[in-house]
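Participant: Let me see the structure of the following:
(one chain, ligands or ions: 2)
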Amino acid sequence: MAVLDNKKISFIGGGNMAQALISGLVGCGIKPNLITVADPSSDAREQLAAKGLSTVDPMADPKSAVIGADIVVLAVKPQMMKVVVGAFADVLDNQLVISVAAGLSTDLLSNMLGGYSNIVRAMPNTPSMIQMGATGLYGTDNISAEQKELATAVMEASGLVMWVDDEEHMHAVTAVSGSAPAYMFYFIESMVDGAVALGLDKEQASALAMQTMLGAAKMAMNSDDAPAELRRKVTSPNGTTQAAVESMQANEIGRQISEAMQACYDRSQALSEEMSK
Ligand SMILES: NC(=O)C1=CN([C@@H]2O[C@H](COP(=O)(O)OP(=O)(O)OC[C@H]3O[C@@H](n4cnc5c(N)ncnc54)[C@H](OP(=O)(O)O)[C@@H]3O)[C@@H](O)[C@H]2O)C=CC1
Ligand SMILES: O=C(O)[C@@H]1CCC=N1
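Facilitator: Ligands and ions are numbered 1, 2, ... in the order given. Here you go, the predicted structure:
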């Protein structure tokens with residue numbers, strides 16, 4: 001993380017996603033006193049200050065987190081972005097701006113920022129909190145190689161980073177990783193409910209379901225076999241897994257997952273259109 005040495009990083013918005021990214025940065029050895037968070041909630045500011053971070057109330061002082069920062073991470077809800085950045089856009093002066101907001105294009109963000117164009121669009125996910133995040137990044141041609149390196153370092157502190165060349169692909173990144181921890185949690189919830197219905201207690205069911213999801217993901221990452229082949233190796237002819245997989249296929253679970261991802265993609269595009277009005 002040498003590229004981040006002594007860099008001042010400011011987060012505008014100190015909610016779920018910002019806190020996940022901050023945990024990744026601090027976990028990677030970034031000194032908390034180099035991180036500033038602007039958030040209107042005094043409770044949130046107190047909690048962040050207790051971890052050694054600098055905090056600012058953006059309602060009283062919207063500009064100070066941005067002045068003097070090297071990197072500004074925009075981590076407020078997409079619907080609030082325009083109002084929030086309007087309060088400090090005029091003091092941006094060569095900082096790298098990284099937006100994690102769903103749906104907001106770099107063009108739209110640049111308009112909101114009064115034409116400022118040092119912008120990288122990121123789509124991280126909450127496992128960043130434990131440095132197991134997966135982040136998609138997109139930058140316009142205005143982004144220098146050094147700024148690209150900085151954005152990569154900020155996000156790599158929290159896990160895997162993948163740049164995409166086509167900004168439209170950020171909607172797909174949202175569908176496959178940004179929103180996707182929620183699908184995995186939903187799958188775990190359903191597995192636990194299923195196991196409890198079959199007689200296990202909730203604690204046993206949770207431990208077994210979570211370890212299985214973790215083990216399967218790690219195995220898929222480390223194996224030369226594709227997931228379909230790994231699945232085949234679990235599935236004995238006319239055995240128990242075949243019965244389960246056939247039930248999933250009969251219920252078209254694969255198609256339903258694709259449809260859910262399409263809904264996510266469509267909502268990401270629609271957010272962009274709503275915000276452009
Ligand atoms: N959560 C996730 O898994 C992911 C979220 N994102 C994106 O991250 C962004 C933030 O989402 P998330 O962290 O979940 O949302 P949160 O609501 O948890 O965080 C947003 C924070 O911004 C604060 N805020 C409101 N007004 C201002 C202001 N004027 N200045 C500074 N901060 C302000 C809010 O305070 P208060 O609540 O008091 O209003 C809140 O603490 C969104 O754009 C989302 O699309 C991207 C990837 C994944
Ligand atoms: O649900 C949302 O809109 C945000 C973006 C990706 C994950 N959470």
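
Participant: all contacts plus neighbour counts: C-alpha atoms, from now on.
Facilitator: Noted.

Participant: Contacts (any at all) between ligand 1 and stretch 8-17?
Facilitator: Yes. For stretch 8-17, a contact with ligand 1 is found by Cα under 6 Å from any ligand atom, at 12, 13, 14, 15, 16, 17.

Participant: Counting neighbours, what do you get for residue 44?
Facilitator: The number of residues packed near residue 44 is 18, by other Cα atoms under 10 Å.

Participant: Residue 218 too?
Facilitator: 11.

Participant: Is it within a helix or a strand, and which one?
Facilitator: Using DSSP states H and E, residue 218 falls within helix 202-222.

Participant: So which of the residues of stretch 8-17 next to ligand 1 belong to strands?
Facilitator: Counting by DSSP state E, the members of the residues of stretch 8-17 next to ligand 1 that fall within strands are residue 12.

Participant: Can you flag the buried ones in the residues of stretch 8-17 next to ligand 1?
Facilitator: In terms of neighbour count (16 or more other Cα atoms under 10 Å), the buried residues within the residues of stretch 8-17 next to ligand 1 are 12, 13, 14, 15, 17.

Participant: re earlier: what packs against the helix or strand just after the helix holding residue 218?
Facilitator: Sequence order places helix 227-234 as the next helix or strand after helix 202-222, per DSSP H and E. Packing contacts for helix 227-234, counted by 3 or more Cα pairs under 8 Å, 6 or more residues apart in numbering; DSSP states H and E, involve no helix or strand.

Participant: now what about the next helix or strand after helix 227-234, what contacts it?
Facilitator: Past helix 227-234, further along toward the C-terminus, the next helix or strand under DSSP H and E is helix 240-250. Counting by Cα atoms under 8 Å, 6 or more residues apart in numbering, the neighbours of helix 240-250 from elsewhere in the structure are 234, 235, 236, 254.

Participant: what about the stretch 101-250 of the chain, any weak spots by pLDDT?
Facilitator: In the predicted model, the stretch 101-250 of the chain carries no residue with pLDDT under 70.

Participant: what's near enough to touch whatever residue of it ends up closest to ligand 1?
Facilitator: Proximity of the stretch 101-250 of the chain to ligand 1 (Cα to the nearest ligand atom) peaks at residue 101, 3.1 Å away. Applying Cα under 8 Å, 6+ apart to residue 101 gives the contacts 74, 75, 76, 77, 78, 121, 122, 123.

Participant: if you set the cut-off to 10 Å instead, what comes out?
Facilitator: For residue 101, the set of contacting residues under the criterion of Cα atoms under 10 Å, 6 or more residues apart in numbering consists of 17, 73-81, 109, 121-124, 268.

Participant: Okay, it and residue 234: tell me how far apart.
Facilitator: The gap separating residue 101 from residue 234 is 39 Å, by Cα to Cα, to the nearest Å.
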